[in-house]
Structure formats: structure tokens, C-alpha cells
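**Q** coords please:
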Amino acid sequence: MLHVTPEVAEALAEGRAVVALESTIITHGMPFPDNLTTAAGVEQVVRDEGAVPATIALVDGALRVGLDPATLEQLATAAASPRESGPRIAKASRRDLPALIASRASAGTTVAATMFLAHRAGIPIFATGGIGGVHRGAEHTFDVSADLDELGSTPVAVVCAGAKSILDLPKTLERLETQGVPVIGVGTDEFPAFFTRSSGLPVDHRVEGPADLAAVLREHARLGMRGGVLVVNPIPEADALQADEIDSRIAEAIADAERAGITRKDVTPYLLARINELTGGRSLTANVALIRNNARLAARTAVVLASL
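**A** Numbering: from 1, shown residues only. The predicted structure follows:
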């Protein structure tokens, strides 16, 4: 059922480094044309480090592992089209895939869906911006991202800048612990908070770089662990936002979402867009920087892992 590009298929068959990339940053995470330039730029970062990028998406009902430039542009421009009658491009978590395939829809894949499809394709490492998690107020709404369950059940390493800072980070880490997901900090003892380098919360283990990380991932695979590994990589210091400022902007965006009645899978895209407005575009700049930083680490680690 997977339509794998010849480049990705050849790399996998030869045991070379491949890095999976999600597509909701194209369809729901950024405005046009930033979504297109970021997606293309992240793929180039992976190539520059000696790995093959495999952006994953659903295109006209077909599960694509690896996208050509024309398809990237198609997704990016369609996502920017007027949405008076609803989104032109769906947001697909794992549970949505059967219905969207049957209706021949196009969709950006979330962390959960990308993990699932990367594993089906045989790709062991995946780079993204930040994972979903336990939403603030979840004790009342029960709003918990499917990303956490996927991490507990699918053996793919996810390189990110922590969970999105719009979330309840302590509860997210508690849920990851319950799921048996190790949280590995790269060059840090603290869990990063997406736009900022630290949350004050500890990681489970620390490594110093790609070689150490690849060794951990190798042992995780050799043990046959059923779930994934969450690799947290702080945003570069030069691109990080001030914690006090971003916290106040997040609180304002959450209040706006509540007043507007935004719920479920629409919450995260709304909040990211609103925070970008409230920060005058600086949160988007930070988002692009951390995604590129994560792709670089994932590619370097994939190259070492392939050599092992």
C-alpha cells in the first residue's frame, strides 16, 4: 500500500541512512510560502548530512513515502487555499488513514501517522518539530495526543525539540513514562520546551551527540522493545525565545481558542498560528530553526546507525 520513491526504496534496500519527515508542517503548521521553503530546506539539510529524506503524506488516497518537488508544492499551495468550506487538505492521525484512503483524499500526516508509516516502510528514525502530548486542562477535557500512544507502541526514534510548549509538559512526561518511552536528551539534562531550551523538567538519560545516540538506538532495537524512543534536541540558543514572553503569548492564544470554541485536532494549528501573530512572526522563525536543527541531528544519527 506504500508508494515509495525509487530514491528512498534504493537507499532502504542498500541499508543506507534514511530520515522520515512529517507533512503537517506543510499542510497545517506554517503559512504559505514558508511551509514550502521550510519543507524543501529540511529535506536539503538531511541530504547535506549524507542521508535520504522521506517526507510522508497522503496524496489523492495514496500513501507516499518520499515526495518529489512538484508534490511538495502541490500540498503547500493547496493548504494555503481559501477554507470557507473546510480544510482543503486533511490532518491525518493514524486513525484517519483508512477513511481518507478510501475517499482518495490528500492529507498531511501527524507525528503518530508518520511514525506508523515510517515503521511500515522500514525507516527507523524520524525528525519533526515537536510532538503532541497532554493538553493543558486535560483533567477536564481528556485531550491527549495520539502521538503518545504511538510512541508507546511503534519502534521508531523521534527527534524533536520536546513537546509543543502549548501543552502540559509535566503530564506529558508522566504519560511517556507510563508508556515505557525513554526520553533521551542530546547535550541536555532537561526536557526542552519547543520555543525555549529548558522546561526545568529532567530527561531520563543524556547523550552528547549522534554516535552516542545511535548506540542507544541500536541497543533499543536489539532488545526488541515494542515502543519508540523520544530524542529531545534543544532549539539552538540563538533562535530560542524568552520563556516569560512565550508563556504569556501561549496563555493569550489558549484563551482566544477557548473563546472561539476551537477543539480537538484544530487546537494545535490554531494555537501555533495565533502565537505567530502575537510574537510578530518570531515564533515561526524559531519553529523553522528547530526543525532544521532536528533534521540535522536525525540525519547524522541515521548515518552512524546505518554504519553499525
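**Q** Can you list the strands that the strand ranked longest in the chain pairs with?
**A** The single longest strand within the chain, with elements called by DSSP state E, is strand 52-59. Strand 52-59 sits in its sheet next to strand 18-21 (parallel), strand 62-65 (antiparallel), strand 107-109 (antiparallel), going by DSSP bridges.
**Q** what element comes up after the second one heading to the C-terminus?
**A** Spelled out, it's strand 62-65. For strand 62-65, the following helix or strand on the C-terminal side (DSSP states H and E) is helix 69-79.
**Q** Any buried residues in that following helix, and which?
**A** Residues of helix 69-79 classed as buried: 71, 72, 73, 74, 75, 76, 77, 78, 79 (neighbour count, 16 or more other CB atoms under 10 Å). C-beta coordinates here come from the backbone N, C-alpha and C atoms, glycine included.
**Q** I'd like those residues as a markdown table, with pLDDT and distance to residue 138 appended.
**A** Shown next, in a markdown table, are the buried residues of helix 69-79 (pLDDT from 0 to 100; distance: CB to CB, whole Å):
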| residue | pLDDT | distance to residue 138 |
| --- | --- | --- |
| 71 | 95 | 36 |
| 72 | 94 | 34 |
| 73 | 94 | 37 |
| 74 | 92 | 36 |
| 75 | 93 | 31 |
| 76 | 92 | 32 |
| 77 | 90 | 35 |
| 78 | 85 | 32 |
| 79 | 74 | 28 |
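**Q** Turn these into TSV, including distance to residue 237.
**A** Below are the buried residues of helix 69-79 laid out as TSV (distance: CB to CB, whole Å):
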residue	distance to residue 237
71	35
72	30
73	33
74	36
75	32
76	30
77	34
78	36
79	31
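**Q** With respect to residue 40, which of these is nearest?
**A** In terms of CB to CB, no member of the buried residues of helix 69-79 lies closer to residue 40 than residue 72, at 6.3 Å.
**Q** show me the contacts for that closest one.
**A** Contacts for residue 72 (CB atoms under 8 Å, 6 or more residues apart in numbering) come out as 26, 36, 39, 40, 55.
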